[in-house]
Every structure is written in structure tokens, then in C-alpha cells.
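Asker: this is the structure alone, sequence omitted:
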């Protein structure tokens, strides 16, 4: 064996050593610190002591289906050593389906009060009351690429989604967000009070859910909300007062949204102007027919905004709103221009006077004069009839 082969073999053994010390229960495999366990193969409930090097900080249950209203983690997870957690990650539990349906329940997330990040992917979900109670605090709840068959209005009660300022154990990225993305709902009715208990959410994303109705009070308790996305849904109207009390809301995303364009339904543009809230997205008109697919903002400006109404802090000149501040600045500029002209005139006048004075004094004193013919000098002044 040559040196190169020996070194290559040694390096390969070094790579295998960490895997050799990694222990996972049957039906689970460790992938870069995440344990992926196959539903139906792994024995439930899983015990914390069956995971080691690393500890079960991040677990994903794949091929999930059927009734999951049963303990997935055993009581041994109550004493998990959080001091061994990797500070680059939040403690995470994921449920991933192959397009099938799952029934969740209070037992699903028992023994998981150390978990801060829950993700449910590709699942048709049924979530009864108090489904997430045992989680106590979450930083993020994500449900995407599936469907929502049933969601009880109290499914989120008993826990809080919150951006913790000083979590223990620590993790780098904290969001305080609830995300429903590309998960169609059987009915929009559950939205009326589904986050009534979540007063500390800062980010809420409800995209691609097929929502056809918004409710005036659906966000009334989320007073800390800073970011909201309602894009890729099918509602065409927004009830007045939808954002009342959301004084922290700084940004609204409405991508791929069509609204019935009339002045009462497009109140959000005036609201955005008043509160300085940013609106992002291609909001277009569904009605009237002659405005179909045109920008809703253009309709609003053309039909709902009068110059008088938009010029509350100024005056109208030539169909344009000039604020009093702008008028004052224009006045200052006009005076500055006039003063500049006066100063220029004075400078020119002064220079001419100075130049004229020098010329007349030279005339009085006389110059060297011309020499007389023949090259003779002139006689001195006062001498009569030439030289003596």
C-alpha cells in the first residue's frame, strides 16, 4: 500500500467515526443532525434515550398518514438535555406526508414543550380543539403544500406563537410567525376566529389557501402583527375595518389578488396612505368589466381621489396640490433670486463708477504728451515763446 492509499483510507475512517457513534431507533436515520423517522416503521412513542450523538433536537416523521392523535414522544423526552442542543438550530419537529391525510390531536404534540418550530408538509389536516396546547410556546408554525379539511377555532388555544427575546436554549433566527402556504381550506369559515388566542404573532402568512371570504374581526387580537400576506387567494372584497387596531402593521403583501374595484372596497389604499403601511403585489380589478385586469391602484386614483380631498394641507394651483411648506419654499427661492439680481446690478454699477474715476484722474494729470516735430523737446510749462 502506498502513502496516498494509506492517507485516503485514514481520511475515510475519520469520516465514518461520527456515524459509528450516532445511535437512532429502528426506522430512523440521522442526516446532518436531523433524525428522519418513517411512520409505520418506527415504534411509537419514541424514547429520548434511543437517540444519541446528537440528541433528538430535530426530528422529522415521514410518510405520515391516518390517526396521529397518539403520543409520538414518550415521557423520557421530559428530561431531554437541552444543553447539548446545537445553537445554530431551533428545536424542530416535522410531519411530512405523501399526500395523504392525518388527524392530529392534543396527544400528537405531548412531551414536546422544548420544541420551538413545527412544520407540517403535504398533509390533509384535521385539527380539533387544543391540538397544539402541549407545545406551550412556539417560534414558528408552518403548514404548507397540503390541505385543511377541518380546523377547530380552538386548535391553537393553550399555546402562544411568539418571537422570544431570550429563548433558552438559544437559537439564532426568531420570527414569531404562523404560515399557511398552498394548503387549500375546505371552508373559509374557520378564519373568523382561528387566531383569536394569538395576540403575540408578528408575521402571518395566509397564501394560496383558496380563501374566498375575509372577516372584519379576524385580525382584531393580533395587535403586534408587523407583516401580513394574503396573496394567491380568491376573495374579491375586503371588509372595512379589517386592519383596525393593527398599529404595528408595516407591510401587506397581496400578490396575484383581484378585487371588485369600487371606492368603498378599495379603502386599503387610503388606509395605507394614512398609516404609511407598504402594500406589495399586483392587485388588479375583477370588476367592473371595463377595468378587468387593470391595476386597482389606478382605478382608485382615477375614480376615488379628488384633488381637493388629497390636498388637505395646501392649496390647488393649476389642478395641482401645492402644500403650504412648498409655497413657503417657493417664496424663499423667489426672494433669493430677486436679491441675487439686485446684488449683481450693484456690483456692475460699482465697478463702472470705479473705472470711470480712474480715467478722469488720468486726464487731469495729463500724460507724457507727444514730442514736437523734429525730435525737439517741449519747453517747460509757463515758458513763453520757446526756450530762452
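Answerer: Here it is on my side, so go on. Since we're looking at a predicted model, the values are computed, not measured.

Asker: I'd guessed residue 207 sits against residue 180; true?
Answerer: Yes: under the criterion of C-beta atoms under 8 Å, residue 207 makes contact with residue 180 at 7.2 Å. Bear in mind the C-beta positions are built from the backbone N, C-alpha and C, glycine included.

Asker: who's more crowded, the two?
Answerer: Taking other C-beta atoms under 10 Å, residue 207 and residue 180 do not tie; residue 180 has more neighbours (24 against 19).

Asker: can you name every helix or strand that the biggest strand by length in the chain contacts?
Answerer: When the chain is parsed with DSSP state E, its longest strand is strand 92-103. Secondary-structure packing of strand 92-103 (3 or more C-beta pairs under 8 Å, 6 or more residues apart in numbering; DSSP states H and E): strand 58-67, strand 117-121, strand 124-127.

Asker: and the shortest one, how far out from the chain middle?
Answerer: If you compare the mean C-alpha spot of strand 124-127 with that of the full chain, they lie 29 Å apart, counting by C-alpha atoms, centre = their mean, to the nearest Å.

Asker: okay, now the sheet partners of it, with direction.
Answerer: Using DSSP bridges, strand 124-127 pairs in its sheet with strand 92-103 (parallel), strand 147-151 (parallel).

Asker: give me the next element, helix or strand, following it.
Answerer: Next in sequence after strand 124-127, counting helices and strands by DSSP states H and E, comes strand 137-138.

Asker: partners of that following strand in the sheet?
Answerer: Applying DSSP bridges to the sheet, strand 137-138 is found paired with strand 160-161 (parallel).

Asker: show residues contacting the strand it pairs with.
Answerer: When contacts are defined by C-beta atoms under 8 Å, 6 or more residues apart in numbering, strand 160-161 is touched by residues 136-141, 176-178, 197-198, 200-201.

Asker: could the strands paired with strand 124-127 go into JSON lines alongside mean neighbour count and distance to residue 161?
Answerer: Below are the strands paired with strand 124-127 laid out as JSON lines (neighbours: other C-beta atoms under 10 Å; distance: least, C-beta to C-beta, whole Å):
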{"stretch": "strand 92-103", "mean neighbour count": "18", "distance to residue 161": "15"}
{"stretch": "strand 147-151", "mean neighbour count": "19", "distance to residue 161": "15"}
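
Asker: okay, those strands in CSV with mean pLDDT and distance to residue 66 next?
Answerer: Below are those laid out as CSV (pLDDT from 0 to 100; distance: least, C-beta to C-beta, whole Å):
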stretch, mean pLDDT, distance to residue 66
strand 92-103, 96, 7
strand 147-151, 95, 13
